[in-house]
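Participant: Okay, here's the prediction I keep looking at, along with the sequence it came from:
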Amino acid sequence: CMKLEEYQTAKAALETGASLSPDNSRFVNLIKECDKLIEEESYTTIPIQEKTIAQDVNPKDVQQQDDLPEQPPVAVNKPKYRHEFYQKHDQVVVTIFAKKIPKESITVEFGEQILSVSINVPGEDAYVFQPRLFGKIVPARAAARAGTMLDMFLEIDRILRPEGWVIIRDTVPLIESARALTAQL
């Protein structure tokens with residue numbers, strides 16, 4: 001503790017050690033050294049604090065800071081529609097809570113790692129939702145359903161999952177194509 005300049009802690013530890021071994025003179029010498037260093041430390045820090053207070057603080061400056069105009073609060077832009085994700089073992093479901101939107105105003109596009117949703121209601125700003133997908137999906141098997149909310153069902157590309165090979169159906173062509181792909185690796 002003394003090397004870390006924590007003299008109060010070192011002194012408390014040394015006093016405990018001295019009470020356990022009263023015959024050891026080393027504890028007494030180190031306690032005296034701690035007292036000396038604590039005294040030096042308290043002597044040097046007090047004048048520095050007084051000088052910085054006297055130089056840095058001016059009563060006129062404090063009053064001027066109080067007179068500054070109040071800043072208006074910064075507006076936080078909330079998204080127009082709330083959305084939510086949840087994942088099953090073979091698909092991800094994305095839900096956008098957009099009520100009373102005509103189906104003609106909704107455009108949904110699927111790609112291998114892209115989902116793009118745009119809602120263009122006449123007389124309102126367009127809403128575009130393009131989340132980052134962390135894995136590949138099968139665009140041919142993706143679907144969207146508009147009702148009281150907009151649901152997108154994205155089937156996960158199971159072959160590319162990091163856990164290894166997962167076969168959805170036990171069919172001979174799928175097993176043979178999986179073997180051919182693993183042989184190429």
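Facilitator: Okay, I see it.
Participant: Now do the helices in this protein.
Facilitator: Using DSSP state H, the helices of the chain run over residues 7-20, 25-56, 59-66, 172-184.
Participant: Select from those helices the stretch with the lowest mean pLDDT.
Facilitator: For those, the weakest mean pLDDT is recorded on helix 59-66, namely a mean of 54.
Participant: any idea how the chain splits into domains?
Facilitator: Per automatic domain parsing, the structural domains of the chain span 7-61, 82-184.
Participant: Dump these into TSV; add mean neighbour count as well.
Facilitator: In short, each C-beta sits where N, CA and C put it, glycine included. Rendered in TSV, the data for those read as follows (neighbours: other Cβ atoms under 10 Å):
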stretch	mean neighbour count
domain 7-61	12
domain 82-184	13
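Participant: Now do stretch 139-156: everything it contacts.
Facilitator: Defining contact as Cβ atoms under 8 Å, 6 or more residues apart in numbering, one finds that stretch 139-156 is touched by 87, 90-99, 101, 103, 106, 108, 110-112, 115, 117, 119, 133, 135-138.
Participant: Let's see that with 7 Å instead.
Facilitator: 90-99, 103, 106, 108, 110-112, 115, 135, 137-138 (Cβ atoms under 7 Å, 6 or more residues apart in numbering).
Participant: Please apply the same query to stretch 26-41.
Facilitator: By Cβ under 7 Å, 6+ apart, stretch 26-41 touches 2, 7-8, 10-11, 14-15, 17-18, 21.
Participant: got TSV for those, with distance to residue 144 too?
Facilitator: Shown next, in TSV, are these (distance: Cβ to Cβ, whole Å):
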residue	distance to residue 144
2	70
7	69
8	67
10	69
11	72
14	73
15	74
17	74
18	78
21	79
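Participant: nearest to residue 82, of the residues you listed?
Facilitator: residue 8 (54.1 Å; Cβ to Cβ).
Participant: Could you measure from the residue nearest to the closest one when sequence neighbours are not counted over to residue 10?
Facilitator: Leaving aside its sequence neighbours, residue 8 sits nearest to residue 38 (Cβ to Cβ, 6 or more residues apart in numbering; 6.6 Å). Separation of residue 38 from residue 10 (Cβ to Cβ, to the nearest Å): 9 Å.
Participant: One more: residue 31?
Facilitator: Noted for residue 31: a distance of 9 Å to residue 10, by Cβ to Cβ.
Participant: Could you do residue 137 as well?
Facilitator: For residue 137, the distance to residue 10 equals 62 Å [Cβ to Cβ].
Participant: now residue 150
Facilitator: For residue 150 relative to residue 10 (Cβ to Cβ), the value is 66 Å.
Participant: Over to residue 136?
Facilitator: As for residue 136, its distance to residue 10 is 60 Å (criterion: Cβ to Cβ).
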